[in-house]
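*Asks:* Quick check, what structure comes out for this input:
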Amino acid sequence: MGEVLKTPALLLEMLRLYSEVFLDSKPCSTCESKHAGYFVRLMRDGENEINKLNVMAERTCELKEDALLFYKGAHFTNRNITDKVATAILKSNPKNENSFVAYPKGYEVKSDGALLADAKIKLAHANQDVKKIRKEIVKVTKEIEKKAGGIEQLQEAYKLAQDNVKAGDDDKKEALTEIAEQAGKELEEALEGVDGSQVITKLNEQLEETESDVVKYQSLLNKRDK
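*Replies:* This next block holds a predicted model:
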């Protein structure tokens, strides 16, 4: 501990880590009397807090911005709720569905209002994904076309180099051959990975699946509007 607290660079790194791990705390960089306490807390509770943060990062549930839920003596907001806790809360009282904008993985929504809200959110996400995938398809297609144009030029340069070797004087053949070999090497390198058909195929499959989701969620919303 002594080395960390006495070394400015290590102290700043400890304070940065403390603020990242304990989200509810803002360490004071100039309060020397508190630094030892920060260090002890990091050593004692840091690992558990980091594990909690990892669980939070992987969650799929999300509460409404102002939602506050009470369960087994504890309060939960978006700052501390996990998928496991959310599932337990929802199972204990399905009316809590109205406090969520996204649900834990594997949970089946029950109330009509929540089903409608869930479908709207999923439709919005699916539409966003469709736009992203279409942009990616255009981007990859342009990259392939650009590479193809460059390869055509390299092919012409390689053929010209080979023709020069055939037509060149004997005393120039060695130098011309080196040029031809270099042109061939550049052509070979350019050809590697130019075939983007697999990438395009995969993107089109993703697009088809996502567009299917759009139709599904839109159909669900249309039925509920009638």
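
*Asks:* This structure: helices as residue ranges?
*Replies:* Taking DSSP state H as the test, the helices found in the chain are 2-6, 8-21, 32-58, 83-92, 112-167, 173-191, 197-225.

*Asks:* Would you mind finding the most buried of those helices?
*Replies:* helix 83-92 (a mean of 17; mean count of other CB atoms under 10 Å). In short, each C-beta sits where N, CA and C put it, glycine included.

*Asks:* Figure out how far it is from the centre of its chain.
*Replies:* Averaging C-alpha positions (CA atoms, centre = their mean, to the nearest Å) puts helix 83-92 26 Å from its chain's average.

*Asks:* C-alpha coordinates for it, PDB please?
*Replies:* What follows is helix 83-92, C-alpha atoms only, in PDB (Å, rounded to 0.1, in the frame of the first residue of the first chain):
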ATOM      1  CA  ASP A  83     -31.200 -10.200 -15.300                       C
ATOM      2  CA  LYS A  84     -31.400 -12.700 -12.400                       C
ATOM      3  CA  VAL A  85     -33.000 -10.100 -10.100                       C
ATOM      4  CA  ALA A  86     -35.300  -8.800 -12.800                       C
ATOM      5  CA  THR A  87     -36.600 -12.300 -13.600                       C
ATOM      6  CA  ALA A  88     -37.300 -12.900  -9.900                       C
ATOM      7  CA  ILE A  89     -39.100  -9.600  -9.500                       C
ATOM      8  CA  LEU A  90     -41.200 -10.300 -12.600                       C
ATOM      9  CA  LYS A  91     -42.100 -13.800 -11.600                       C
ATOM     10  CA  SER A  92     -43.100 -12.500  -8.100                       C
END
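
*Asks:* Against which helices or strands is that helix packed?
*Replies:* Judged by 3 or more CB pairs under 8 Å, 6 or more residues apart in numbering; DSSP states H and E, helix 83-92 is in contact with helix 32-58, strand 69-71, strand 74-76.

*Asks:* The same query, at a cut-off of 7 Å, please.
*Replies:* strand 69-71 (3 or more CB pairs under 7 Å, 6 or more residues apart in numbering; DSSP states H and E).

*Asks:* neighbouring strands for the strand it packs on, and are they parallel or not?
*Replies:* strand 74-76 (antiparallel) (DSSP bridges).

*Asks:* Show me which positions of the partner strand end up buried.
*Replies:* Neighbour counts over strand 74-76 (16 or more other CB atoms under 10 Å) mark residue 76 as buried.

*Asks:* That concludes my questions; thank you for your assistance.
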